[in-house]
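*Asks:* Using only what follows, build the 3D model:
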Amino acid sequence: MKAFNIFLLFLFLVFNISCSPDNKTVADYKYGVITKGEVKRRAMGVKLNPQLEKAIIESLVVEGIARHDALAGDFDKNEIFILRLERESWPLLKKIVNDKSSGSLNLSWEYVKCRHIVFSGGNSPDVKENALSRAKNTIELLKKGAKFDSLIKSYSTNPQNAVEASTLYIVKGGGMPEFENAAFSLPIGTYSKEPVILPGGMAAIIISDETGTLTLGNLEKKIKSPDEKKRLSLMLERMAYSKLIFEIEKNNNASFKVAVLPDKENEVIFSVSGKDYTLKELKKKRDVFSAIIREPLENREFLLGFAREWYFYELYKSEAAIEGYLNDKKFIMDMKSSTDFILANEYIRYLCEKEITVSEEDMFEEYSKNKNKYMKRPGSKSKKPLQLSYNEAKIFIKKKLIQTQLAAAVEEWKKRALADSGLVIRD
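*Replies:* Numbers count the residues shown, from 1 in each chain. Predicted structure coming up:
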């Protein structure tokens, strides 16, 4: 009897899923069907009307045809497509790892709430000595019974808001070590008996008001000053991210090994989960990216930044695999949607690019007609933009002409694909 009830439940679920409005077929074409759910997802919250729904269905059909042809020709193994997919999927990967991993971290920070007076210094000995002398004189006034808040106001050009502006929440590991160490060493209600020497020749006096624990959750309630709330929020988010990266790197035995790019091709740039990534591999990946954006990327500074981007992608991908985040249903759906869209459009682009040619005559004609559009930033002595010579402008002209031709070719391909799709839109 129990088995029969389970069977009935299974039939009920299947019936409900198949009868769900989102699974209703709204169109057929030669390689499959389009469902209401697919149309709604592509609309991204925009209210559907018949015209918009028809436009989305046609777009999905064209993509479906391109995807079918791309997979049939093994285009999903194309290096350009793979790199584009990596770059597009990176935000999804980063979000799921950050969301799921952050919950397992103890993200709390000790703090000292304090008020302070700081005297500006400088690099010259006289200015430094002046700041130190003023700080010492202020400490003497405090010893004689002067009120800290009164002194804060007396040194400020805005006495009305001076006390609030001088109030800081000092978090361990989040600021100047000199200020931090002094603040955490003071008992509640006491002030620094000696000036706190800060970078840049500044000297400060601190009074400790409160200690406690801050989290990203209780920040809103604890901090009243909007400026201090904003400062702490940005600082804690940065510290939380650093802590998260540290834990992920430890979990994946990962490290970025260079501060500057090496010269040897086989030198390791970074390692993730026992795999080393070399300068040679980095350059190969850079060349694929250059092909995508149609610009040579020889700058070593750019290449180092590109290496860091690649490192974090591989790090997050490894973490997601280890922790099983890649099995998350929403992530799978988002990734499939992203992959399908990119694969279809990259394949269409790949087919259309084959037919594009830009001659020297085409480029020179474009320059002759629109030379005033090809300008460069002025030098330090000139305030007017400077016109590029033809040779300087060629790379930009070629890119523009290719993009113009490509856009027209893509639209033409889509029209032909739609005409041959066998599309039938249901009522």
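*Asks:* What helix or strand is Asp209 located in?
*Replies:* strand 202-214 (DSSP states H and E).
*Asks:* Can you list the helices and strands that that strand packs against?
*Replies:* Secondary structure elements in contact with strand 202-214, counted by 3 or more C-beta pairs under 8 Å, 6 or more residues apart in numbering; DSSP states H and E, are strand 109-119, helix 125-143, strand 167-171, helix 177-185, strand 196-198. From N, CA and C alone the C-beta is placed, and that goes for glycine too.
*Asks:* so which of those gets nearest Trp90?
*Replies:* strand 109-119 (28.4 Å; C-beta to C-beta).
*Asks:* Check which helices and strands that closest one is in contact with.
*Replies:* Using 3+ C-beta pairs under 8 Å, 6+ apart, strand 109-119 sits against helix 125-143, helix 148-154, helix 159-166, strand 167-171, helix 177-185, strand 202-214.
*Asks:* Show me which parts of it are buried, residue by residue.
*Replies:* Neighbour counts using 16 or more other C-beta atoms under 10 Å place Trp109, Tyr111, Val112, Lys113, Cys114, Arg115, His116, Ile117, Val118, Phe119 of strand 109-119 among the buried residues.
*Asks:* The second one against Asp209, yeah?
*Replies:* No - Tyr111 sits out of contact with Asp209 when judged by C-beta atoms under 8 Å, with a separation of 10.8 Å.
*Asks:* Kindly reformat the helices and strands packed on strand 109-119 as a markdown table containing mean neighbour count and mean pLDDT.
*Replies:* Converted to a markdown table, these look like this (neighbours: other C-beta atoms under 10 Å; pLDDT from 0 to 100):
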| stretch | mean neighbour count | mean pLDDT |
| --- | --- | --- |
| helix 125-143 | 15 | 84 |
| helix 148-154 | 16 | 90 |
| helix 159-166 | 15 | 86 |
| strand 167-171 | 21 | 89 |
| helix 177-185 | 17 | 89 |
| strand 202-214 | 19 | 87 |
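*Asks:* Can I get these in a markdown table including distance to Asn251?
*Replies:* Shown next, in a markdown table, are these (distance: least, C-beta to C-beta, whole Å):
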| stretch | distance to Asn251 |
| --- | --- |
| helix 125-143 | 46 |
| helix 148-154 | 47 |
| helix 159-166 | 42 |
| strand 167-171 | 25 |
| helix 177-185 | 29 |
| strand 202-214 | 25 |
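*Asks:* Out of these, which is closest to Leu105?
*Replies:* Of those, nearest to Leu105 by C-beta to C-beta is strand 202-214, at 14.5 Å.
*Asks:* where does the stretch 1-150 of the chain dip in pLDDT?
*Replies:* Scanning the stretch 1-150 of the chain for pLDDT under 70 picks out 1-21, 104, 121-124, 127.
*Asks:* what ranges do the strands span in the stretch 301-427 of the chain?
*Replies:* 375-376, 386-387, 424-425 (DSSP state E, counting those that start in this stretch).
*Asks:* I'd like the distance from the last one to the chain centre, please.
*Replies:* It stands for strand 424-425. 40 Å (C-alpha atoms, centre = their mean, to the nearest Å).
*Asks:* Which positions in stretch 249-259 come out as buried?
*Replies:* In stretch 249-259, counting by 16+ other C-beta under 10 Å, buried: Glu249, Asn252, Ala254, Phe256.
*Asks:* distance between the ends of it?
*Replies:* 17 Å (C-alpha to C-alpha, to the nearest Å).
*Asks:* Name the residues that touch it?
*Replies:* Applying C-beta atoms under 8 Å, 6 or more residues apart in numbering, the contact partners of stretch 249-259 are 248, 267-274, 304, 307-308, 311, 314-315, 318-319, 322.
*Asks:* what does stretch 297-305 give?
*Replies:* Counting by C-beta under 8 Å, 6+ apart, Val258, Val260, Leu261, Leu282, Lys283, Arg286, Phe289, Ser290, Phe306 sit against stretch 297-305.
*Asks:* what about it, average pLDDT?
*Replies:* The average pLDDT for stretch 297-305 rounds to 85.
*Asks:* From the contacts of stretch 249-259, list the buried ones, please.
*Replies:* Buried by 16+ other C-beta under 10 Å: 248, 268-272, 304, 307, 311, 314-315, 318-319, out of the contacts of stretch 249-259.
*Asks:* Export those as JSON lines, with columns for distance to Tyr191.
*Replies:* Converted to JSON lines, the buried ones among the contacts of stretch 249-259 look like this (distance: C-beta to C-beta, whole Å):
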{"residue": "Ile248", "distance to Tyr191": "42"}
{"residue": "Val268", "distance to Tyr191": "52"}
{"residue": "Ile269", "distance to Tyr191": "50"}
{"residue": "Phe270", "distance to Tyr191": "48"}
{"residue": "Ser271", "distance to Tyr191": "49"}
{"residue": "Val272", "distance to Tyr191": "49"}
{"residue": "Leu304", "distance to Tyr191": "46"}
{"residue": "Ala307", "distance to Tyr191": "49"}
{"residue": "Tyr311", "distance to Tyr191": "46"}
{"residue": "Glu314", "distance to Tyr191": "50"}
{"residue": "Leu315", "distance to Tyr191": "45"}
{"residue": "Ser318", "distance to Tyr191": "50"}
{"residue": "Glu319", "distance to Tyr191": "46"}
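*Asks:* which of the residues you listed lies closest to Asp328?
*Replies:* For the buried ones among the contacts of stretch 249-259, the nearest to Asp328 is Glu319 (13.1 Å; C-beta to C-beta).
*Asks:* gap between that closest one and Lys250?
*Replies:* For Glu319, the distance to Lys250 equals 11 Å [C-beta to C-beta, to the nearest Å].
*Asks:* what does Ala183 give?
*Replies:* 30 Å.
*Asks:* and the strands of the stretch 301-427 of the chain as JSON lines, adding distance to Val171?
*Replies:* As requested, these are exported to JSON lines (distance: least, C-beta to C-beta, whole Å):
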{"stretch": "strand 375-376", "distance to Val171": "46"}
{"stretch": "strand 386-387", "distance to Val171": "49"}
{"stretch": "strand 424-425", "distance to Val171": "59"}
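*Asks:* Nearest to Leu219 among the ones you listed would be which one?
*Replies:* For Leu219, the closest of these is strand 375-376, at 46.1 Å, according to C-beta to C-beta.
*Asks:* Check which residues of the lengthiest helix in the chain are buried.
*Replies:* As assigned by DSSP state H, the longest helix anywhere in the chain is helix 390-419. Buried residues in helix 390-419, counting neighbours by 16+ other C-beta under 10 Å, are found at 393-394, 396-398, 400-401, 405-406, 409-410, 413-414, 417.
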